[in-house]
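Enquirer: Dropping the sequence and predicted coords here.
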Amino acid sequence: MYHEVPYALAVIVDKFEELTKLLRIEVTMNVERDSQKKILIGHKGEMLKKIGTEARKELEKLFDIKIYLALFVKVVPDWRENPQKVRELDWHFQLEGLSEDIARKSPANEDPSEDPTNE
């Protein structure tokens, strides 16, 4: 199946939520042209379903937990030619943003004066 996926593809993890018995993952697959989007989705969504099913099974083996996987396909024209878009789609950049979000949400970084229960 992998030979059927367009080479100009970048996958962004939009949501990664750990629940008690489930891992919820939402991703956006970025392609450059509408024709590539049509290839990924396939006739009546068959290709997207196949991609999602195979990815979910691999992730369930890897994480040893049930996976909810939502896939979205988005056309971002000429993203490979735009340095800013390439940076946004780079997994290193995404990890930097994720670690900054985690640091901001960390209890160690919260200001006790902003806590309404702290009087």
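Expert: Structure's in. What do you need?
Enquirer: how about stretch 68-76: buried residues?
Expert: By neighbour count on 16 or more other CB atoms under 10 Å, the buried set for stretch 68-76 is 69, 71, 73, 76. Every C-beta, even on glycine, is put in place using the N, C-alpha and C of the backbone.
Enquirer: again with stretch 48-61
Expert: 48, 51, 55, 56, 59.
Enquirer: Narrow the residues you listed to those in helices?
Expert: Using DSSP state H, 48, 51, 55, 56, 59 are the members of the buried residues of stretch 48-61 that sit in helices.
Enquirer: The second one and residue 88: what is the separation?
Expert: Separation of residue 51 from residue 88 (CB to CB, to the nearest Å) stands at 22 Å.
Enquirer: Then the last one?
Expert: Shown here: residue 59 relative to residue 88, a distance of 24 Å by CB to CB.
Enquirer: Could you find the closest non-adjacent residue to residue 8?
Expert: Among residues not flanking residue 8 along the chain, residue 32 sits closest, at 4.7 Å (CB to CB, 6 or more residues apart in numbering).
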